[in-house]
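A.B. asks: Predicted coordinates and the sequence they were generated for:
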Amino acid sequence: MGSVPPEPPMTRRSARGAVAVDRSGHSPAPRPGRAARPRRGASGAGPGAAPATEFDRDALRARLLAGLGELGLDVAPAERLLDYLALLAKWGRIYNLTAIRDPLAMLRQHLLDSLSIVGPLAARLHAGTGARWRVVDVGSGAGLPGIVLALARPQAEVLLVEPVDKKAAFLRQCQAELALANVKVSAGRVEALAAADAEPRPDLIVCRAFASLADFAVAVERIAGPDTLVAAMKGTLPTDELAALPPGWSVAETLPLRVPELDAARHLVLMRRLAGAPRNAAG
């Protein structure tokens with residue numbers, strides 16, 4: 001395998017869909033299926049980016065199976081997770097969908113990172129392996145963590161909300177190629193979801209470095225019920241953000257996450273909207 005590029009810095013996307021720098025390294029991409037020719041002499045990776053390495057499925061499978069075992073998760077979805085990783089590597093390399101080029105780094109920083117929340121969420125949502133979760137992934141980008149949750153938890157019904165059209169097109173590509181009957185894609189802002197998409201209230205609303213906790217709470221308040229678990233994936237624990245939550249919200253738990261092969265701080269912040277809390281004018 002080639003050398004693994006350093007972990008990209010955590011960045012945040014605002015609730016309005018504008019992209020700052022985020023931990024996933026996402027950036028806008030042309031619509032899959034209509035390849036734009038790269039400029040002469042351009043690799044598509046940007047200055048200083050490490051070159052892509054070969055997608056060694058056998059080696060990646062071994063690392064993924066080890067990671068699933070370390071996380072205590074079922075290994076049955078491993079092949080489908082690798083299929084998704086192959087799509088991410090293909091389109092990411094061609095369309096600059098993610099700043100990470102090395103498939104092993106993508107396995108570590110995208111798949112295993114997203115898989116690290118499955119166990120903690122399963123312990124706090126409906127019990128039983130057959131329990132259905134209604135999930136909304138806000139600012140899904142390349143499908144992280146929503147597609148990973150849909151593959152690891154096929155009983156879940158996952159709505160991927162992504163305001164950037166080119167990224168939403170990639171999500172639809174994954175939906176079709178992976179035959180994800182339990183996934184829907186909404187190309188727009190979460191604040192603009194139709195009433196039908198918010199009923200019944202979701203069991204889980206999740207984001208991966210989408211925005212500050214306060215902005216995230218405001219963005220989802222119209223679709224979050226008192227029984228909805230609202231989960232934000234973070235790097236280091238954002239104590240300043242925890243103190244700045246808007247009225248009507250409480251922090252249920254802050255959990256340190258263990259990501260196999262990744263030596264970096266990861267936390268899951270779990271919030272709930274208080275019953276009877278007033279909604280803003282948009283909600």
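C.D. replies: Ah, there it is. Numbering: from 1, shown residues only.

A.B. asks: Can you show me the strands along the stretch 1-150 of the chain?
C.D. replies: Applying DSSP state E, counting those that start in this stretch to the stretch 1-150 of the chain gives strands spanning 134-138.

A.B. asks: List the buried residues for stretch 72-81?
C.D. replies: L73, P77, A78, R80, L81 (16 or more other CB atoms under 10 Å). Any C-beta I mention is one placed from the backbone N, CA and C, and that applies to glycine too.

A.B. asks: Now do the same contact list for the residue lying closest to the last one once chain neighbours are set aside.
C.D. replies: This means L81. Nearest non-adjacent residue to L81, counting by CB to CB, 6 or more residues apart in numbering: L151, 5.4 Å away. Neighbouring residues of L151 by CB atoms under 8 Å, 6 or more residues apart in numbering: P77, R80, L81, Y84, L178, L180.

A.B. asks: Return the member of the residues you listed nearest to L144.
C.D. replies: Y84 (9.9 Å; CB to CB).

A.B. asks: How many residues are close by that closest one?
C.D. replies: Y84 has 23 neighbours, counted by other CB atoms under 10 Å.

A.B. asks: Please name the residues that touch it.
C.D. replies: Going by CB under 8 Å, 6+ apart, the list of residues near Y84 reads L111, G143, I147, V148, L151, C174, L178.

A.B. asks: could I get those residues as CSV with pLDDT and distance to A168?
C.D. replies: Shown next, in CSV, are the contacts of Y84 (pLDDT from 0 to 100; distance: CB to CB, whole Å):
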residue, pLDDT, distance to A168
L111, 97, 21
G143, 95, 10
I147, 98, 13
V148, 98, 17
L151, 98, 19
C174, 97, 11
L178, 98, 16
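
A.B. asks: Compile those into a markdown table and extend it with columns for distance to L268.
C.D. replies: Formatted as a markdown table, those follow (distance: CB to CB, whole Å):
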| residue | distance to L268 |
| --- | --- |
| L111 | 16 |
| G143 | 18 |
| I147 | 18 |
| V148 | 14 |
| L151 | 19 |
| C174 | 24 |
| L178 | 25 |
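
A.B. asks: What about these, which one has the most neighbours?
C.D. replies: G143 (31 neighbours).

A.B. asks: who are the neighbours in contact with that residue?
C.D. replies: Y84, L88, D137, L160, F170, L171, C174.

A.B. asks: which one of those residues is nearest L270?
C.D. replies: Using CB to CB, the contacts of G143 come closest to L270 at D137, 15.5 Å.

A.B. asks: Identify the residues contacting that closest one.
C.D. replies: Contacts of D137 by CB under 8 Å, 6+ apart are G143, P145, G146, L149, V158, L159, L160, V161, V206, C207.

A.B. asks: follow-up on the earlier one: quick one: which two of the buried residues of stretch 72-81 are the most distant?
C.D. replies: Across these, the two lying at the largest distance from each other (CB to CB) are L73 and R80, at 13.2 Å.

A.B. asks: Name the spans of the stretch 1-150 of the chain whose pLDDT lies under the cut-off.
C.D. replies: Low-confidence segments of the stretch 1-150 of the chain, defined by pLDDT under 70: 1-52, 127-130.

A.B. asks: so where do the helices sit in it?
C.D. replies: Along the stretch 1-150 of the chain, counting by DSSP state H, counting those that start in this stretch, helices occupy 57-71, 78-95, 103-106, 113-115, 118-122, 146-152.

A.B. asks: ok, how many other residues are close to V218?
C.D. replies: By other CB under 10 Å, neighbour count at V218 equals 20.

A.B. asks: what secondary structure does it sit in?
C.D. replies: Following DSSP: H, G, I helix; E, B strand; the rest coil, we place V218 in the helix state.

A.B. asks: which among the buried residues of stretch 72-81 gets closest to M271?
C.D. replies: Nearest to M271 out of the buried residues of stretch 72-81 is L73 (CB to CB; 24.1 Å).

A.B. asks: OK, contacts around the closest residue to the closest one other than its chain neighbours?
C.D. replies: Leaving aside its sequence neighbours, L73 sits nearest to V118 (CB to CB, 6+ apart; 5.8 Å). V118 is in contact with L71, L73, L149, A152, R153, counting by CB under 8 Å, 6+ apart.

A.B. asks: and with 7 Å instead?
C.D. replies: L73, L149, A152, R153 (CB atoms under 7 Å, 6 or more residues apart in numbering).
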